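Colleague: Predicted structure and sequence below. I'll ask about it afterward.
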Amino acid sequence: MWFYFYPHILFHMTRWFPKNNRVKFRILALIISLSLLIPELYILLLPRSERACEQPLLSILVASTIFLFFTVGFGTLFTLFEPIPRIVNLAFHVFGILSFILGLVTTVYTFQATACSETTTELYYWCYVSTILTLICTGYFVLVAPFWIIEAWKPYSVLHEKARQGICYEPTLCCSCLWHVV
């Protein structure tokens, strides 16, 4: 699920900067995004990762690497486009569902693969960290999803900044950097 969370955060962080002053943030976001690939590719290329493990952790790592390339792509698009084209938005949400499924699979297999921590140590701990990130990001989306649903069902009932109203207007006013609904 963190594959979905990362571009989502990049999208909102980009909007904090004025339109004419986003180049430095875009470059920084691209460097950070590409650096996320380094640990995965390192573990993938280790000879120890090919050792026998009763769970398909190596296959999960390969799928995760593919998803991470899509994450970098969506993050880059979200920092460049304004507004986001509808087809990109739809593809991103489908990607989010698929990343949730991958996160569930990673979580289930990681908890069943405690014996692999001795044979394929780096691979196991990478899956463990990915599981923790998945659980944290899923928790975030579970907390925010009801507000998105309410906003889609009744527009501007959750947050209407121009009219200075909505059930989330006060929290947004107090802590705008942490709270974003729409």
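Modeller: Cool, the structure landed. Since the structure is predicted, the reported quantities are computational estimates derived from the model, not experimental observations. Numbers count the residues shown, from 1 in each chain.
Colleague: Now do the helix or strand harbouring Cys127, average pLDDT.
Modeller: Taking DSSP states H and E as the definition, Cys127 sits inside helix 121-153. Mean per-residue pLDDT for helix 121-153: 90.
Colleague: Quick one: distance of it to the chain centre.
Modeller: How far helix 121-153 lies from its chain's middle: 8 Å, per CA atoms, centre = their mean, to the nearest Å.
Colleague: List the buried residues in it.
Modeller: 123-124, 126-128, 130-131, 133-134, 137-138, 147, 150-151 (16 or more other CB atoms under 10 Å). All C-beta spots, glycine's among them, are computed from the backbone N, C-alpha and C.
Colleague: can you check stretch 27-35 too?
Modeller: The neighbour-count check on stretch 27-35 (16+ other CB under 10 Å) flags 29-30, 33 as buried.
Colleague: Low-confidence stretches in this structure?
Modeller: Within the chain, the ranges that satisfy pLDDT under 70 run 159-182.
Colleague: can you map out the helices along it?
Modeller: 2-14, 23-35, 37-45, 57-80, 86-112, 116-119, 121-153, 169-174 (DSSP state H).
Colleague: Kindly reformat those helices as TSV containing distance to Arg51.
Modeller: Compiled in TSV, the helices of the chain are given as follows (distance: least, CB to CB, whole Å):
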stretch	distance to Arg51
helix 2-14	26
helix 23-35	27
helix 37-45	12
helix 57-80	9
helix 86-112	16
helix 116-119	5
helix 121-153	9
helix 169-174	49
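Colleague: returning to that earlier point: against which helices or strands is the helix holding Cys127 packed?
Modeller: Applying 3 or more CB pairs under 8 Å, 6 or more residues apart in numbering; DSSP states H and E, one finds that helix 121-153 makes contact with helix 2-14, helix 37-45, helix 57-80, helix 86-112, helix 116-119.
Colleague: Which neighbouring elements make contact with the longest one?
Modeller: By that I understand helix 86-112. helix 2-14, helix 57-80, helix 121-153.
Colleague: Which one of the buried residues of helix 121-153 is nearest to Ser117?
Modeller: Tyr124 (4.4 Å; CB to CB).
Colleague: so what's that closest one up against?
Modeller: 53, 57, 110, 113, 116-117 (CB atoms under 8 Å, 6 or more residues apart in numbering).
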